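Novice: need a 3D model of the following:
(chains A and B)
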Amino acid sequence: MDLQTLWLTLRLAASTTLVLLAMGVPLAFWIVSTRSPLRPFVEAMSTLPILLPPTVLGFYLLILLGPRTGFGRLASHLLGHPLAFSFDGLVVGSVLYSLPFAVQPLTAGFHAVDAALIEQARLLGAGRWRILRDILLPLSVRSVVAAAALCFTHTVGEFGVVLMIGGDIPGATRTLSIAIYDQVQDFSYAQANRTSLLLLGISLAALVLLYARRSGGGARHA
Amino acid sequence: MSDRRILAFALVLCCVLPPAFAQQTLRLAAAADLQPVLPPLLDTFQSQTGIHVLASYQSSATLATQIIQGAPFDLFMAADLSFPQRVIDAGRAEEAHPIPYAHGTLVLWTRNDSGVAQLSLDVLRGPSIRSIAIANPEHAPYGRAAQAALNHAGLLATVAPRLVVAENIAQAAQYADSGNAQVGFLSLTSALTPRLSADGHFIRVPAEDYPPIQQGAIVVRNSPNAVAARRFLDFLRSPAMAQRLAAGGLEPVEPSHP
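Specialist: Numbering: from 1, shown residues only, chains lettered A, B, ... in the order given. Okay, here's the model as predicted:
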């Protein structure tokens, strides 16, 4: 078992989850509070990454991140290296790939908060930022935790996108799921079993810890 | 009522009976490097024999695993000899040895706009080449050949940090054709496709730099279409078809490698 690969996978999942929460909370807040006619369009767009097969999504990302698009050239210029085949590129790909898993639970959680509470806060003079920080977020902790858990696990198990834009570079882009796939392709079934078991074990432990905390939070409400 | 019964009976018969008037179908598991060259030959074979060939193109490793696990293929055409050998070792082949049907050629390919002026193995030594696509040397035959060629040129250690590893040879072509990798070790079959011919150019890696990429086939054990499968292999090795394969990038098997 390769500790470097495990560490890289956890780092990728953690970075992706942080970026997605930082993006997803404002986006979900905008979705539940806006009256803009663009809302259904934005909400639909944020769901689309589920629709494409991951390898197809990865293929388009490979083209997008490459030197033949303006975006790819700009990113390459700003970072000093091309995005494809790099850890940063994997974060970009994973954020896009897991976006629905952040936005959907957050939007549902924010929607479930009593509208009367928000209205009262507004009447008392609370701004949008205070409403989000002091009402929406504390009352939808479960949804935030669910979003984080889904983003993290979805990224750990991500395969198709990483396969297409990663380039299987140890320490930079080789994740556990790629390592397991390689081991299966090499007919190293025993090794693949060990890696898979480790992946499942760690993920199960992390999820149990997370959900144990979550129900603790729920108990305080009761 | 009886009309309905007759209708129902006819429907059941249609589902249950083998399609006697339908043409014979040969299910072929073909290595990914065959995808650019094989389809027109399948049409020729069908028009000559009436046998329809249904081909699935995937990596040799995936196909070998599927056949060992009982996938219903009649014929397995791999991109090397080791994967058919695995199927033989698992007792899932009619043959005792893989039947060589062609050999592949490794090329070094680059886009015309990549800025690589004079394409050669030596140019990889310089720092201007930042990324080199190869197929996974652990299990892709062309990847193995590329690694051997780099090793032979004494370049492997120098370029190792700049290698981007694709799962198979088709993906290596995507890395290079999309411009994400500046150069790529590809199969001649990929390099000769209209798309890659239009986008870039290539040099053949000297044949003495890597062990030959012998491609072998086996008939799957207990295949109901074993006769048709052998007939198809003979067809591919006939001089006319060998010439068409060669035009697509797969050289005929030399007499020295029976």
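
Novice: how about the strands in the stretch 151-258 of chain B?
Specialist: B:163-166, B:183-187, B:200-204, B:213-219, B:250-251 (DSSP state E, counting those that start in this stretch).

Novice: and the gap between the closest residue to chain B within chain A and B:Glu167?
Specialist: For chain A and chain B, the shortest gap (Cβ to the nearest Cβ) falls at A:Gly167, measuring 3.3 Å. Backbone N, C-alpha and C define where each C-beta goes, glycine included. Shown here: A:Gly167 relative to B:Glu167, a distance of 10 Å by Cβ to Cβ, to the nearest Å.

Novice: higher neighbour count, these two?
Specialist: A:Gly167 (29 against 25; other Cβ atoms under 10 Å in any protein chain shown).

Novice: show the contacting residues for the closest residue to the more buried one other than its chain neighbours.
Specialist: In space, and not counting its chain neighbours, A:Gly167 is closest to B:Val164: 3.3 Å by Cβ to Cβ, 6 or more residues apart in numbering or on different chains. By Cβ atoms under 8 Å, 6 or more residues apart in numbering or on different chains, the residues touching B:Val164 are A:Phe85, A:Gly167, A:Asp168, A:Ile169, B:Ser131, B:Ile132, B:Ala133, B:Ile134, B:Tyr175, B:Asn180, B:Ala181.

Novice: neighbour-wise, which of those residues leads?
Specialist: Counting neighbours by other Cβ under 10 Å, the top entry in the contacts of B:Val164 is B:Ala181, with 32 neighbours.

Novice: distance of it from B:Ala117?
Specialist: Taken as Cβ to Cβ, the span from B:Ala181 to B:Ala117 is 17 Å.

Novice: equivalent analysis for B:Ala242, please.
Specialist: 36 Å.

Novice: least trustworthy helix or strand in chain A by mean pLDDT?
Specialist: None of the helices or strands of chain A scores lower by mean pLDDT, DSSP states H and E than helix A:189-221, at a mean of 77.

Novice: mind listing what's buried along that one?
Specialist: A:Gln191, A:Ala192, A:Thr195, A:Ser196, A:Leu199, A:Ser203, A:Ala206, A:Arg214 (16 or more other Cβ atoms under 10 Å in any protein chain shown).

Novice: remind me what that helix packs against, helices and strands.
Specialist: helix A:141-156, helix A:176-185 (3 or more Cβ pairs under 8 Å, 6 or more residues apart in numbering or on different chains; DSSP states H and E).

Novice: what about B:Lys157, neighbour count?
Specialist: Slight slip there: residue B:157 is Ala, not Lys. Neighbour tally, B:Ala157, other Cβ under 10 Å: 9.

Novice: so how far is chain A from it?
Specialist: 15 Å (Cβ to the nearest Cβ, to the nearest Å).

Novice: name the nearest residue to B:Ala90, ignoring sequence neighbours.
Specialist: B:Ile68 (4.4 Å).

Novice: residues contacting that neighbour?
Specialist: For B:Ile68, counting by Cβ under 8 Å, 6+ apart, the contacting residues are B:Arg86, B:Val87, B:Ala90, B:Arg92.

Novice: so of those, which ones are in helices?
Specialist: B:Arg86, B:Val87 (DSSP state H).

Novice: what is the nearest of the contacts of B:Ile68 to chain A?
Specialist: B:Arg86 (7.0 Å).

Novice: mind listing what's buried along stretch A:160-170?
Specialist: For stretch A:160-170, the buried set under the neighbour-count rule, 16+ other Cβ under 10 Å, comprises A:Gly160, A:Val161, A:Val162, A:Leu163, A:Met164, A:Ile165, A:Gly166, A:Gly167, A:Asp168, A:Ile169.

Novice: what is the burial count for A:Ile63?
Specialist: 19.

Novice: no, scratch that, I was asking about A:Pro138
Specialist: A:Pro138 has 11 nearby residues by other Cβ under 10 Å.

Novice: name the element it belongs to?
Specialist: According to DSSP states H and E, A:Pro138 maps onto helix A:137-139.

Novice: what's next to that helix, contact-wise?
Specialist: A:Val25, A:Val113, A:Leu117, A:Val144.

Novice: what residues does chain B have near chain A?
Specialist: B:59, B:61-62, B:65, B:86, B:130-131, B:133, B:136, B:138-139, B:163-167, B:171, B:174-175, B:178-181 (Cβ under 8 Å from any Cβ of the partner chain).

Novice: from B:Gly154, how far off is the residue sitting nearest the centre point of chain A?
Specialist: For chain A, the residue nearest the mean C-alpha position is A:Cys151 (3.6 Å; Cα atoms, centre = their mean). Going from A:Cys151 to B:Gly154 by Cβ to Cβ gives 46 Å.

Novice: please apply the same query to A:Phe85.
Specialist: 24 Å.

Novice: equivalent analysis for A:Pro82, please.
Specialist: From A:Pro82 to B:Gly154 the distance is 27 Å (Cβ to Cβ).

Novice: between those two, who's got more neighbours?
Specialist: Taking neighbours as other Cβ under 10 Å, A:Pro82 and B:Gly154 compare with A:Pro82 leading, 23 against 10.

Novice: isn't that one right up against B:Gln182?
Specialist: No. Look at A:Pro82 against B:Gln182 with Cβ atoms under 8 Å: they stay out of range, at 9.7 Å.

Novice: find the residues that touch each one of these two.
Specialist: Going by Cβ under 8 Å, 6+ apart, residues that sit against A:Pro82 and also against B:Gln182 are B:Arg130, B:Ser131.

Novice: and the helices and strands packed on helix A:189-221 as CSV, adding mean pLDDT?
Specialist: CSV is the format used below for these (pLDDT from 0 to 100):
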stretch, mean pLDDT
helix A:141-156, 93
helix A:176-185, 90
